[in-house]
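A.B. asks: sequence? don't have it. structure:
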């Protein structure tokens with residue numbers, strides 16, 4: 001009789017850096033409401049996890065996260081250090097998201113993530129999401145949840161592909177690029 005391998009389920013682990021660390025430690029299954037938390041903050045997931053460019057897009061820019069300007073880098077770098085993780089405080093913005101309530105997005109007519117195939121990115125711009133958020137329109141949460149769920153699902157698809165092709169280090173470097181693996185909290 002063959003005994004199936006034991007699978008490990010982790011609950012409450014959601015940030016991409018946490019997920020990658022847990023996968024390296026042998027975790028198999030995750031239950032998380034990270035995309036919902038990001039949506040509740042009025043933010044959009046915006047990090048690069050592309051490890052295999054789509055050959056259909058040859059000659060065009062690959063799906064990637066739009067480059068953040070210096071101001072965006074300063075406000076999004078609030079990921080806690082791994083040893084300092086406080087699971088009770090899920091209200092702090094992470095370096096994997098952008099705060100669309102910020103005034104700088106009122107005239108930003110780019111999609112949330114360039115090349116993202118979700119309904120929100122295909123049909124709406126950052127400026128429109130900013131407007132919906134500052135006017136407390138319910139549609140803002142719906143559109144953000146569509147994007148955040150699609151983006152998070154894409155990350156896990158890339159994670160499965162990286163594991164199958166022994167490219168976890170490549171995925172990790174792509175996801176953590178510009179973060180030095182982790183960034184310090186703002187005081």
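C.D. replies: Right, received. Where do you want to start? Not measured: the values here are computed from a predicted model. Residues are numbered from 1 along each chain as shown.
A.B. asks: C-alpha only now, for contacts and for neighbours.
C.D. replies: Will do.
A.B. asks: tell me the helices in the chain, going along the chain?
C.D. replies: Here the chain has its helices, by DSSP state H, at 16-24, 34-40, 70-76, 119-123, 126-134, 138-164, 168-176.
A.B. asks: among these, which is nearest residue 102?
C.D. replies: helix 126-134 (7.5 Å; C-alpha to C-alpha).
A.B. asks: Let me see the mean pLDDT of the closest one.
C.D. replies: For helix 126-134, mean pLDDT is 97.
A.B. asks: Return the member of the helices of the chain having the minimum mean pLDDT.
C.D. replies: Least confident of the helices of the chain, judged by mean pLDDT, is helix 70-76 with a mean of 43.
A.B. asks: list the buried ones in stretch 158-169?
C.D. replies: Residues 158, 159, 161, 162, 168 are the ones in stretch 158-169 that count as buried (16 or more other C-alpha atoms under 10 Å).
A.B. asks: picking up where we left off before, looking at the helices of the chain, which is nearest to residue 106?
C.D. replies: Residue 106 sits nearest to helix 126-134 of all the helices of the chain, at 4.5 Å, using C-alpha to C-alpha.
A.B. asks: on contacts alone, who are the packing partners of the closest one?
C.D. replies: Under the contact criterion of 3 or more C-alpha pairs under 8 Å, 6 or more residues apart in numbering; DSSP states H and E, helix 126-134 touches helix 138-164.
A.B. asks: And the helix it packs on, what's buried?
C.D. replies: By neighbour count with 16+ other C-alpha under 10 Å, helix 138-164 contains the buried residues 140-141, 143-152, 155, 158-159, 161-162.
A.B. asks: Distance check, residue 118 against residue 171.
C.D. replies: 21 Å (C-alpha to C-alpha, to the nearest Å).
A.B. asks: Comparing these two, which shows the higher neighbour count?
C.D. replies: residue 171 (23 against 17; other C-alpha atoms under 10 Å).
A.B. asks: who's in contact with the more buried one?
C.D. replies: For residue 171, the contact set (C-alpha atoms under 8 Å, 6 or more residues apart in numbering) comprises 49, 50, 51, 158, 159, 162.
A.B. asks: cool, residue 159 as well?
C.D. replies: 168, 171.
A.B. asks: Can you give me the distance of it to residue 144?
C.D. replies: 22 Å.
A.B. asks: now residue 43
C.D. replies: 7 Å.
A.B. asks: Return the residues in contact with the closest residue to residue 132 other than its chain neighbours.
C.D. replies: With sequence-adjacent residues excluded and distances taken as C-alpha to C-alpha, 6 or more residues apart in numbering, residue 132 is closest to residue 140, at 5.2 Å. For residue 140, the contacting residues are 42, 129, 132, 133, by C-alpha under 8 Å, 6+ apart.
A.B. asks: The third one reaches residue 143, doesn't it?
C.D. replies: Translated: residue 132. No. Using C-alpha atoms under 8 Å as the test, residue 132 is too far from residue 143 to be in contact (9.7 Å).
A.B. asks: what's the spacing between residue 113 and residue 15?
C.D. replies: Distance, residue 113 to residue 15, by C-alpha to C-alpha: 18 Å.
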